[in-house]
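J.: Let me see the structure of the following:
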Amino acid sequence: EIATQTDKEDFPPTDQEEEEPPDESEKQTDAELGQSTEEPPTPQEDSLLLLEPKVLSDQEREEAVASMPFSSFLNTASKKVERVLGAPILADLLVNFVGETDEDTSLSDKQPHESKKFVSAQEVFESSKWTGTRDVTDMDWSPLHRELLLSSYHMPSSLSSSTIGSAALTAVSPNDTPSSSLAPRSGELQSDGLALVWNMAMPTRPEHIFTCGSPVLATRFHPSEPPLVLGACQSGQLVIWDVRAGRLPVQRSSQGHAHPICAMEITERGAGLVTADADGKINFWSVGNLRDAAESLQMEGNVSCLAVAPESHTLVCGDESGALFALPPSTSGGPSGAPRSSSKRNVRKLQTDGHFGMVTAVSTKKVDTGGHIAKGFLRGSGGMVLSAGVDWTVRMWAPAYQDKPLLSFMSHSYDYMCDVQWYVEIWKTWTLYTFGCLTWVALQASIPSSLFATASSNGSVGLWNLASSLDESLGDIVVEKDAGLNKLKWSVDGRRMLVASGDRVRVLNLADELVRQKGDENERMMAQLATRGLKNA
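T.: Residues are numbered from 1 along each chain as shown. From the prediction side, this is the model:
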């Protein structure tokens, strides 16, 4: 028999059904059910039924909205809704790596076709309320959560330099303000220092907001403690924020720098920290103790940027006169030792005519595969160093071989080179299987890449692959037509890039054709250098 999903009430009763008297057992059952369910209401239920909704006055409504429970609920609930609404954005930036989305999800039609070839999707992160009058000073990717990114900002342009450290210090928020709240307290929008944690699912609303009494010039996620964020300030102090403790720093360095900190990098596989100020002083810190520097070194010139070679922990510094310096590790301990007032590191000065103007950025390859080290750097492509300057050039160095640059790449538009970054290392996995007893072994090794990117003052990102050509770039990604670029940063997996322009942070999802290695590009690059006599292997 075939069953149906219709109700009995859908069909009118027949005459025979109407004349049939009800069964006595059914009457008794209905009576018992009626007696058990029809209980008289209690006095409390009567009061609830008679209770009418109360209409709040304007003052009562403002007090309810301003109350802590309501604001906490509204902040949490609205953030959850925004994350759900931002799921398609997150999918475009994280899932789609091959650039097979529709034209509408990539760069706008106003962008050149060459830009669309390299970028499959992009998104702009800005909050006009908090960042509208500021400039981005530094950026970082979360080492644990690939959807989180960090950006620091300078003081608002409406404030003059004479107000630094005065009005900003007295107008900061109380420390009980949650960092996850979007609503500003009194004076917070005018605080000198600002750092924001963004979630890629929410382009217009920061995940966490941190303030400080001095402009934040460099920032990093804490390498081992996810709730902590590090900041380097114009006042010369290092600060630590905690997402669990509000918007103000929970710790500040007591001594270290008397001038603005211009660069900060993490060393010792996350256990150490190095900072440099505009007066040429370099401090080495233990991440577990940021109150006092463990080691200090005074340089001759004014340091403008620095980078760390991870395989040997050698520092590479650029100064305002265009010179580059290499600082091998100290032979008397490290950042984890007792605090010292001076360092025994040997300072090696590279060729003085490296750049004809300030060095804006230096970049080392993030590889840690071992190998022969000479003069504090890996031999081969792993020890190559890039430097960018205001003289329109990017230069490549091989400090393991010689003190002069190997190549010079010039901007054809004669614009300042504001930043340069080697592409992150590519991890290759080999899996070995044995038959009989089920055994497998996974081996990983990092392969140096020949790809790097530059950020220029004309608003474009230049892409170079030295395995393809030592003379011509792959092309440019036009990010901004009316503004220059401040910084750029590759993601941990190399699939995305952070680009800063003014107060806006852009996430570019790169096409797979760009980031996928085609054969052994590293060997092809080294062969081209040897053919031209630029390297003495």
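
J.: Going C-terminal from the lowest-mean-pLDDT helix or strand in the chain, what's the next secondary structure element?
T.: Confidence across the helices and strands of the chain bottoms out at helix 167-170, with a mean of 36, counting by mean pLDDT, DSSP states H and E. Towards the C-terminus, the helix or strand next in line after helix 167-170, according to DSSP states H and E, is strand 193-199.

J.: which helices and strands sit right next to that next one?
T.: When contacts are defined as 3 or more Cβ pairs under 8 Å, 6 or more residues apart in numbering; DSSP states H and E, strand 193-199 sits against helix 128-131, strand 148-153, strand 208-212, strand 216-221, strand 228-233. (C-beta placed from N, C-alpha, C; glycine too.)

J.: could you pull out the helices for the protein?
T.: Secondary structure of the chain by DSSP state H: the helices cover 15-19, 24-37, 43-50, 58-66, 68-85, 87-94, 113-118, 128-131, 167-170, 512-515, 521-531.

J.: Adding mean neighbour count and mean pLDDT, write the helices and strands packed on strand 193-199 out as CSV.
T.: Rendered in CSV, the data for the helices and strands packed on strand 193-199 read as follows (neighbours: other Cβ atoms under 10 Å; pLDDT from 0 to 100):
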stretch, mean neighbour count, mean pLDDT
helix 128-131, 16, 89
strand 148-153, 25, 95
strand 208-212, 25, 92
strand 216-221, 24, 95
strand 228-233, 26, 94
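
J.: Let's have these in CSV, adding distance to E63.
T.: As requested, the helices and strands packed on strand 193-199 are exported to CSV (distance: least, Cβ to Cβ, whole Å):
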stretch, distance to E63
helix 128-131, 24
strand 148-153, 33
strand 208-212, 25
strand 216-221, 35
strand 228-233, 34
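
J.: Nearest to A309 among these would be which one?
T.: Set against A309 and scored by Cβ to Cβ, these come closest in strand 216-221, at 17.7 Å.

J.: List the neighbouring strands of the closest one plus their orientation.
T.: Partner strands and pairing direction for strand 216-221 (DSSP bridges) are strand 228-233 (antiparallel).

J.: what angle do the partner strand and strand 148-153 make?
T.: Strand 228-233 runs at 20 degrees relative to strand 148-153, counting by axes from the mean of the first three to the mean of the last three Cα atoms, to 10 degrees.

J.: Convert strand 228-233 to PDB, retaining C-alpha atoms only.
T.: Only the C-alpha atoms of strand 228-233 are listed here, as PDB (Å, rounded to 0.1, in the frame of the first residue of the first chain):
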ATOM      1  CA  LEU A 228      50.300  39.300  22.600                       C
ATOM      2  CA  VAL A 229      51.300  42.000  20.100                       C
ATOM      3  CA  LEU A 230      54.700  43.800  20.100                       C
ATOM      4  CA  GLY A 231      55.100  47.500  19.100                       C
ATOM      5  CA  ALA A 232      58.100  49.800  18.600                       C
ATOM      6  CA  CYS A 233      57.400  53.500  19.200                       C
END
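
J.: What segments of the stretch 251-400 of the chain are strands?
T.: 251-252, 261-267, 272-277, 281-286, 295-298, 303-309, 314-319, 324-327, 348-349, 359-364, 373-374, 377-378, 385-389, 393-397 (DSSP state E, counting those that start in this stretch).

J.: Which of those sits closest to E63?
T.: strand 251-252 (35.6 Å).

J.: what packs against the closest one?
T.: Checking 3+ Cβ pairs under 8 Å, 6+ apart, strand 251-252 ends up next to strand 238-242.

J.: The strand it packs on pairs with which strands?
T.: strand 228-233 (antiparallel), strand 251-252 (antiparallel).

J.: what mean pLDDT does it have?
T.: Taken as a whole, strand 238-242 has a mean pLDDT of 93.

J.: still on that earlier bit, dump the strands of the stretch 251-400 of the chain into JSON lines; add mean pLDDT as well.
T.: Written out in JSON lines, the entries for the strands of the stretch 251-400 of the chain read as follows (pLDDT from 0 to 100):
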{"stretch": "strand 251-252", "mean pLDDT": "90"}
{"stretch": "strand 261-267", "mean pLDDT": "92"}
{"stretch": "strand 272-277", "mean pLDDT": "93"}
{"stretch": "strand 281-286", "mean pLDDT": "92"}
{"stretch": "strand 295-298", "mean pLDDT": "90"}
{"stretch": "strand 303-309", "mean pLDDT": "92"}
{"stretch": "strand 314-319", "mean pLDDT": "92"}
{"stretch": "strand 324-327", "mean pLDDT": "91"}
{"stretch": "strand 348-349", "mean pLDDT": "88"}
{"stretch": "strand 359-364", "mean pLDDT": "94"}
{"stretch": "strand 373-374", "mean pLDDT": "86"}
{"stretch": "strand 377-378", "mean pLDDT": "86"}
{"stretch": "strand 385-389", "mean pLDDT": "93"}
{"stretch": "strand 393-397", "mean pLDDT": "92"}
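
J.: Output those strands as CSV; include the columns distance to N522 and mean neighbour count.
T.: Rendered in CSV, the data for the strands of the stretch 251-400 of the chain read as follows (distance: least, Cβ to Cβ, whole Å; neighbours: other Cβ atoms under 10 Å):
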stretch, distance to N522, mean neighbour count
strand 251-252, 42, 16
strand 261-267, 24, 22
strand 272-277, 28, 25
strand 281-286, 31, 24
strand 295-298, 33, 18
strand 303-309, 17, 24
strand 314-319, 20, 26
strand 324-327, 22, 22
strand 348-349, 26, 16
strand 359-364, 15, 26
strand 373-374, 18, 16
strand 377-378, 12, 26
strand 385-389, 15, 26
strand 393-397, 14, 24
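
J.: In CSV, list those strands along with distance to K487.
T.: Putting these into CSV (distance: least, Cβ to Cβ, whole Å) gives the following:
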stretch, distance to K487
strand 251-252, 24
strand 261-267, 12
strand 272-277, 16
strand 281-286, 21
strand 295-298, 25
strand 303-309, 11
strand 314-319, 15
strand 324-327, 20
strand 348-349, 27
strand 359-364, 8
strand 373-374, 30
strand 377-378, 25
strand 385-389, 11
strand 393-397, 15
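
J.: between these, which gets nearest to R524?
T.: Evaluated with Cβ to Cβ, the strands of the stretch 251-400 of the chain place strand 393-397 nearest to R524, the distance being 15.4 Å.

J.: partner strands of the closest one, parallel or antiparallel?
T.: Strand 393-397 has the following strand partners under DSSP bridges: strand 385-389 (antiparallel), strand 407-410 (antiparallel).

J.: export the last one as CSV, just CAs?
T.: Translated: strand 407-410. Written as CSV, here are the backbone C-alpha positions of strand 407-410 (Å, rounded to 0.1, in the frame of the first residue of the first chain):
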residue,chain,number,x,y,z
LEU,A,407,73.1,43.6,-9.9
SER,A,408,71.2,46.8,-9.9
PHE,A,409,67.5,47.1,-11.0
MET,A,410,66.3,50.6,-11.8
